[in-house]
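Engineer: Need coordinates for the below:
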Amino acid sequence: MVSMLFGKKALPGKEQCLAGRSASIDIVANHLITGQPMTPPFQSHLHSAFFAMGCFWGAERRFWEQPGIHATVVGYAGGHTPNPTYEETCSGLTGHTEVVQVIFDSNLTSFENLLTVFWESHDPTQGMRQGNDLGTQYRSAIYCSSQEQLDKAKTSVIDVQKKLTVLGLGSVTSEIQMAPTFYYAEDYHQQYLAKNPMGYCGLRGTGISC
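Structural biologist: The predicted model follows:
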């Protein structure tokens, strides 16, 4: 009952979350599509932002397809359990959502372009779900790496909300905050849809254009 309550509808408090572990999950060094390093240190012209749009398989692919992307990495953030497994995150007892770290070249693209991909590629009004995927791990979020990113993300909500209202949709429920600790997902999840072209992708937009 605890897993059903917290896993589907409400975020657990820290005291209700799983203990996790101190050791981080190992991932391969280079991105399967771009061939670039996926872990720090990154050069000064490379910047990161974190996006949650439901299942991270389709979300990651949407971002690696964009110009100016150095690498994408999937993982877990926004909760309390350190270095969780996929199964633990899906239990709803970590507080984490599935996120994509997007490492981008600021000479070739911008954070604003990434925001456009985020807002157009999923429904940010659904709370603890995305389409048929129900649970706190599928909630929408933007986790920012700088105050400048945070300001731009919050400003973008105003225009997006107007467009969603015209379509008869509800209020934006996306979390928008400075980036919490990011934990790598297991290696088999990284660039999953490149490894499994027929794999599941439930990503759907609302029809708005940013």
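
Engineer: how long is stretch 129-142 end to end?
Structural biologist: From its first residue to its last, stretch 129-142 covers 15 Å (Cα to Cα, to the nearest Å).

Engineer: Let me fix that, I meant to ask about stretch 25-41.
Structural biologist: Stretch 25-41 has an end-to-end distance of 17 Å (Cα to Cα).

Engineer: Give me the mean pLDDT for stretch 142-162.
Structural biologist: Across stretch 142-162, the average pLDDT comes to 98.

Engineer: Would you mark the buried spots in it?
Structural biologist: I142, Y143, C144, Q149, L150, K152, A153, S156, V157, V160, Q161 (16 or more other Cβ atoms under 10 Å). Just so you know, the C-beta spots here come from the backbone N, C-alpha and C atoms, and that holds for glycine as well.

Engineer: All the helices of this structure, residue numbers only.
Structural biologist: 2-8, 56-64, 86-90, 111-121, 147-166, 192-195 (DSSP state H).

Engineer: These: which one's closest to Q101?
Structural biologist: helix 56-64 (9.2 Å; Cβ to Cβ).

Engineer: Report the contact partners of H70.
Structural biologist: Contact analysis of H70 by Cβ atoms under 8 Å, 6 or more residues apart in numbering lists H31, T34, Q36, F42, L46, I103, F104, D105.

Engineer: Reformat these as CSV; add neighbour count.
Structural biologist: What follows is those, written out as CSV (neighbours: other Cβ atoms under 10 Å):
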residue, neighbour count
H31, 20
T34, 15
Q36, 16
F42, 16
L46, 17
I103, 22
F104, 24
D105, 17
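
Engineer: out of those residues, who's nearest L167?
Structural biologist: F104 (28.7 Å).

Engineer: shouldn't V160 be in contact with W119?
Structural biologist: Yes: assessed by Cβ atoms under 8 Å, V160 is found in contact with W119 at 5.0 Å.

Engineer: bridging residues for Y183?
Structural biologist: Y76 (DSSP bridges).

Engineer: I'd like the distance between it and R139.
Structural biologist: Distance, Y183 to R139, using Cβ to Cβ, to the nearest Å: 16 Å.

Engineer: what does L32 give?
Structural biologist: For L32, the distance to R139 - Cβ to Cβ - is 27 Å.

Engineer: With neighbour numbers in mind, choose between these two.
Structural biologist: R139 (23 against 15; other Cβ atoms under 10 Å).

Engineer: so who does the more buried one touch?
Structural biologist: A52, G78, T97, G127, M128, R129, Q130, T173, S174, E175.

Engineer: Identify the residue nearest the third one in space, chain neighbours excluded?
Structural biologist: If the residues on either side of it in the chain are set aside, T97 comes closest to A52, at 4.4 Å by Cβ to Cβ, 6 or more residues apart in numbering.

Engineer: Buried ones in stretch 158-176, by neighbour count?
Structural biologist: Those buried within stretch 158-176 under the rule 16+ other Cβ under 10 Å are V160, Q161, K163, L164, L169, V172, S174, I176.

Engineer: Can you lay out the residues you listed as TSV showing distance to E112?
Structural biologist: Below are these laid out as TSV (distance: Cβ to Cβ, whole Å):
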residue	distance to E112
V160	13
Q161	17
K163	16
L164	19
L169	22
V172	17
S174	16
I176	14
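
Engineer: Any stretches of the protein with poor pLDDT?
Structural biologist: By pLDDT under 70, the weakly predicted segments of the chain are 1-7.
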